[in-house]
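Engineer: Sequence and computational prediction follow.
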Amino acid sequence: MPDENPSARTSPRVRFAPSPTGFLHVGSARTFIFNWLYARHNHGTMVLRIDDTDVERNTEASVQSIFDGLRWLGLNWDEEYRQSERLALHRKAAEAIFARGLAYRDFTPAHADDEHPSGVQGAWLFNPGMREMSREESDRRAAAGERFALRYRVPRGSGAAAARTLRFADGVYGEQTKPADEVEDFALLRSDGMPTYHLASCFDDADLGISHIIRGQDHLTNTFKHLLIFEALGVAIPNFSMPQFAHLPLLVAPDGSKLSKRKHGPVVSVTTYRDAGFLPQAFINFLCLLGWSPKNDREYLTLEELVGLFSLEGVNRANAVINFTEEVPFDDKAVWLNAEHIRALPVEELAQELEPIFKQAGFNAPREKVLAVTPLIRERIKLLREAVAAADFLFVDELAPYDPAELIPQKGDAAMARRVLETAKEVLAVASFDHDSLDKALRAAAAQLGLKAGQAFQPIRVAVCGRKNAPPLFETLVVLGREACLKRIGQALEKSASLG
RNA sequence: GUCCCCGUCGUCUAGGCCGGCCUAGGACACCGCCCUUUCACGGCGAUAACACGGGUUCAAAUCCCGUCGGGGACGCCA
């Protein structure tokens, strides 16, 4: 079959274009992930472009922190650009638009930051006197060194003639239209000669052949401006075709407001999740479920499954709130998913994640030991960091002080605790240290003492772990080894003396 | 203020485009029970929502209008 529409056949090119004004924001991360998923699902190309045209606000530290976040996610990109390196291209594009009469110079002094340009009367459209200024006067003033911004001359209806209607089909929000009359004469170049976001972003998207622009819904109304820029730019770019747009619902805070670094603090930074012990695949899984659904009730999804399932049709239109409070900084569902992903990890891989964390906590944690400890805590931690508190007694030489009363079993007394510990000491001195042997020996000892297993095990558990809530007893004893067990039971016996 | 978007359990969502299968499904969280040597895992169960008002229709969460609520855009920020 002949290929009638070659452009529809070429693989999609998508981009993620963060501006380096802070750390990588969870909302940005989700935008990145959706773009990445779209690219991988459709065998397309993922472009990373650092939108650093705002020299005032951009910092190199921020660029690094964005890379930190992206590297942690582990999703690779195929091409990488820096907008600041393409400045000359942007200026040339602006000049070309001006030369064609599609833009004009605006000599109005820039607004101060606190001045809101849109009055209470309605939307601001353009500054009086500038749009109509003759080319001669404009040239003369520019030549005289007067500063100006370059504004796009948005087509407007004149007299009885209605303005044209701008339209595009959004991949998520559907058909969008707006009369050009309602679009303000936005700036292309600032009075310092720097391109604005709108110009730089559209030029690069067109020049880099981006086929699908997937971004936050806060750009939905900006898209009408972008349509105009693309139109003006397109004529100079061979084989240009208008990109498809898809806007993503916003991620909002529990109070419904837009997530912001300033207002909500570190919980909006992806490195906070990393440092708290989230697995990147769990974090990705969680973010995907915010504003997107595979529509088959599945929630725990691996990266491969996400790639296979992802489509723009599954994207929701309503904003999604990401739940957090000061006491509980992470969304319950994110934590649950993380626990699921932790349990799904093979022991060797989980051990590998845990090893640096144990070492950081100051534990003597050789590989073999971590490998032995991991199965004991795998089902007891929801965040990797919790492994430290869950397994500390398996690493330290001396147990942290605990209340001797903990040694007393249910429906028992101090004497019973001591009897159990004495017996355990004898049994463990000779028993072979593997799960089944210990199970057999200790159960037999309990029976001999006339106690229920649970009653007999509690003093031993507390003696060995220093607390009541701990992993299963026999596995714990095995990992700890005979020497440590006997020593701790001996210490417990001493402690129990104070119980009278 | 103007324009745009959105509104299903506390939260994430399915269902909505193609009205009846929805006495609205799933998940997290919460509560209860079971399993069990503690904790955890696992299993089972319970509570919980179509923002409101009109209309269209034999029939509306689903279509239409309005109201209210939330959000976004309106910068020489991105």
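Structural biologist: Nice, I can see it. Numbers count the residues shown, from 1 in each chain, chains lettered A, B, ... in the order given.
Engineer: residue ranges of the strands in the stretch 1-150 of chain A, please?
Structural biologist: Under the criterion DSSP state E, counting those that start in this stretch, the stretch 1-150 of chain A contains strands at A:13-16, A:45-50, A:79-82, A:103-106, A:149-152.
Engineer: dump the residue contacts of A:R30.
Structural biologist: Listed by C-beta atoms under 8 Å, 6 or more residues apart in numbering, the contact set of A:R30 reads A:L248, A:L251, A:L287, A:C288, A:L290, A:G291. From N, CA and C alone the C-beta is placed, and that goes for glycine too.
Engineer: try it again with 7 Å
Structural biologist: For A:R30, the contact set (C-beta atoms under 7 Å, 6 or more residues apart in numbering) comprises A:L251, A:L287, A:L290.
Engineer: Which one of the strands of the stretch 1-150 of chain A lies nearest to RNA strand B?
Structural biologist: strand A:149-152 (3.7 Å; C-beta to the nearest atom of the strand).
Engineer: Am I right that A:L301 is in contact with A:N285?
Structural biologist: Yes - if you go by C-beta atoms under 7 Å, A:L301 and A:N285 touch, sitting 5.5 Å apart.
Engineer: Find the least confident helix or strand in chain A, judged by mean pLDDT.
Structural biologist: Sorting the helices and strands of chain A by mean pLDDT, DSSP states H and E puts helix A:6-9 at the bottom, at a mean of 50.
Engineer: could the strands of the stretch 1-150 of chain A be laid out in a markdown table, adding mean pLDDT, mean neighbour count and distance to A:A390?
Structural biologist: Listed next are these as a markdown table, based on pLDDT from 0 to 100; neighbours: other C-beta atoms under 10 Å; distance: least, C-beta to C-beta, whole Å:
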| stretch | mean pLDDT | mean neighbour count | distance to A:A390 |
| --- | --- | --- | --- |
| strand A:13-16 | 97 | 24 | 36 |
| strand A:45-50 | 97 | 21 | 37 |
| strand A:79-82 | 96 | 14 | 40 |
| strand A:103-106 | 96 | 23 | 63 |
| strand A:149-152 | 96 | 24 | 59 |
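Engineer: Minimum distance to A:Q352: which of those has it?
Structural biologist: For those, the distance to A:Q352 is smallest for strand A:45-50, at 27.0 Å, taking C-beta to C-beta.
Engineer: And the contacts of that closest one?
Structural biologist: Contacts for strand A:45-50 (C-beta under 7 Å, 6+ apart): A:11, A:13-18, A:20, A:35-36, A:39, A:63, A:77-83, A:204, A:208, A:210.
Engineer: And what about the nearest residue to A:A320 once chain neighbours are set aside, helix, strand or coil?
Structural biologist: For A:A320, ignoring the flanking residues on the chain, the nearest one in space by C-beta to C-beta, 6 or more residues apart in numbering is A:L290 at 4.2 Å. When classified by DSSP: H, G, I helix; E, B strand; the rest coil, A:L290 comes out as coil.
Engineer: Could you measure from A:L290 over to RNA strand B?
Structural biologist: To RNA strand B, A:L290 is 5 Å away according to C-beta to the nearest atom of the strand, to the nearest Å.
Engineer: surely that residue meets A:N323?
Structural biologist: No - A:L290 lies out of contact with A:N323 (C-beta under 7 Å); the separation is 10.3 Å.
Engineer: Of these two, which one has the most company?
Structural biologist: A:L290 (23 against 14; other C-beta atoms under 10 Å).
Engineer: ok, the residue nearest to A:A320 - contacts?
Structural biologist: For A:L290, the contacting residues are A:R30, A:L251, A:A320, A:I322, by C-beta under 7 Å, 6+ apart.
Engineer: Just give me the neighbour total for the closest residue to A:P20 other than its chain neighbours.
Structural biologist: Distances taken as C-beta to C-beta, 6+ apart place A:S62 nearest to A:P20, at 3.9 Å, with adjacent residues excluded. By the criterion of other C-beta under 10 Å, A:S62 has 19 neighbours.
Engineer: A:S62 contacts A:S19, correct?
Structural biologist: No - judged on C-beta under 7 Å, A:S62 makes no contact with A:S19 at a distance of 8.6 Å.
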